[in-house]
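Trainee: please find the sequence and the predicted model below.
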Amino acid sequence: MGELRISDILPVECLLGSTIAIVYDTYSSAWQIPLVFLKYVLERGGFGVISNYTLPMSSLIRKASSIGLNIKKELLNGRMAIIDLFGTRYSASKPNLPNVFYLDKVEPETINPKIERIYTLSLSGVIGDRHLIRVIYTLDGAAMMLGEDHTLKLLNQTPSYTSRVLENSTAVLSLNQDVVSKRFVAWTSGISDVVLTVRTFLKEGEMREYLYVTAAPCEDFEPAVYILRVTRKKGIERFRIRKVNGSAPELGPSAEEKR
């Protein structure tokens, strides 16, 4: 088997109603995968929402541009929105862009109802019946901001709302596992329908990434391991994967844990 795109093994449009966890380590390039999925859905007429817990808006816009996603353009064209929790909490600069939302406060007890209100009052008419992709960027950022226990409780509350109101959607959880506890990673993986784990192996000046697909809601699904290669291309072509037919490194401690 030759090289494939990630969408060849996990077409996002077939995962409506699912939660995808993308778990990676400190040195991995997999932080880009959620943004690649977002761009992929937008190009097919969908609508995207980023819940930003991790970066100032200017940094988020620059990171997205590296994979060919022009956030300013998509906001202006009404194809996506950003709920900027980072900007709300840390009083970061607030660019004058449409469809960027801020809360009055970021508190664990009220954050979910406030976000639900944005979807219900401000975005429902804009989204319509389009495929909605909701990117939590990043889940470790949320854990650092709100605490791990509060973040897990919020995650557990979310499915009841999405099943009623946002059923035509895909949730993507971006998680650097070196920032949080093993318990947090295990819980996130357990509540996700699809689990993609990317591990980086550094040896004698060589860096290699492996993609472990350990769960997916398909009848004929079989866990598989792929070598992950980053290209200079944009969008879904950014990553190419090739199935490992022989032995592969065990899914053990991350690169950071081995230091």
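Mentor: Thanks, I have the structure now. Numbering: from 1, shown residues only.
Trainee: tell me who's in contact with the residue of the chain positioned farthest from its centre.
Mentor: Ranked by distance from the centre of the chain (C-alpha atoms, centre = their mean), the top residue is E204, with 30.9 Å. By C-beta atoms under 8 Å, 6 or more residues apart in numbering, no residues touch E204. All C-beta atoms are positioned from the backbone trio N, CA, C, and that covers glycine.
Trainee: check what pLDDT it gets.
Mentor: pLDDT for E204: 74.
Trainee: likewise for the one 3 residues further on?
Mentor: M207 carries a pLDDT score of 89 in this model.
Trainee: now it: which helix or strand?
Mentor: Per DSSP states H and E, M207 falls inside strand 206-215.
Trainee: quickly run through the sheet partners of that strand, with directions.
Mentor: strand 194-203 (antiparallel), strand 224-230 (antiparallel) (DSSP bridges).
Trainee: mean confidence for the next helix or strand after the last one?
Mentor: Where DSSP H and E defines the elements, the next helix or strand beyond strand 224-230 is strand 239-243. Strand 239-243 shows a mean pLDDT of 95.
Trainee: CA atoms only for strand 239-243, dumped as PDB, please.
Mentor: Coordinates of each C-alpha in strand 239-243 appear next as PDB, following Å, rounded to 0.1, in the frame of the first residue of the first chain:
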ATOM      1  CA  PHE A 239       0.100  14.900   6.000                       C
ATOM      2  CA  ARG A 240       0.800  11.600   4.200                       C
ATOM      3  CA  ILE A 241       0.600   8.300   5.900                       C
ATOM      4  CA  ARG A 242       1.800   4.800   5.100                       C
ATOM      5  CA  LYS A 243       0.600   1.700   6.900                       C
END
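Trainee: tell me what it is packed against?
Mentor: helix 6-9, strand 224-230 (3 or more C-beta pairs under 8 Å, 6 or more residues apart in numbering; DSSP states H and E).
Trainee: these: which one's closest to T120?
Mentor: For the helices and strands packed on strand 239-243, the distance to T120 is smallest for helix 6-9, at 30.5 Å, taking C-beta to C-beta.
Trainee: now for that closest one, which elements pack on it?
Mentor: helix 33-43, strand 239-243.
Trainee: what sits up against the helix or strand that comes right after that helix?
Mentor: Per DSSP H and E, the first helix or strand lying C-terminal to helix 6-9 is strand 19-24. Contact with strand 19-24 is made by 10, 30-31, 33-34, 37, 159, 170-177, 185, 188-189, 191-200, as judged by C-beta under 8 Å, 6+ apart.
Trainee: please pick the buried ones from the residues you listed.
Mentor: Neighbour counting with 16 or more other C-beta atoms under 10 Å marks 10, 30-31, 33-34, 37, 170-177, 185, 188-189, 192-200 as buried within the contacts of strand 19-24.
Trainee: please identify the most buried of the helices and strands packed on strand 239-243.
Mentor: For the helices and strands packed on strand 239-243, the largest average neighbour count (mean count of other C-beta atoms under 10 Å) is found in strand 224-230, namely a mean of 19.
Trainee: mind listing the strands for the stretch 1-150 of the chain?
Mentor: Counting by DSSP state E, counting those that start in this stretch, the segments of the stretch 1-150 of the chain that form strands are 19-24, 47-52, 80-84, 100-101, 132-137.
Trainee: just checking, D178 touches D25?
Mentor: Yes - when contacts are counted by C-beta atoms under 8 Å, D178 is listed as touching D25 (5.4 Å).
Trainee: show me which of the two is the more surrounded one.
Mentor: Counted by other C-beta atoms under 10 Å, D178 and D25 do not tie: D25 has more neighbours, with 22 against 18.
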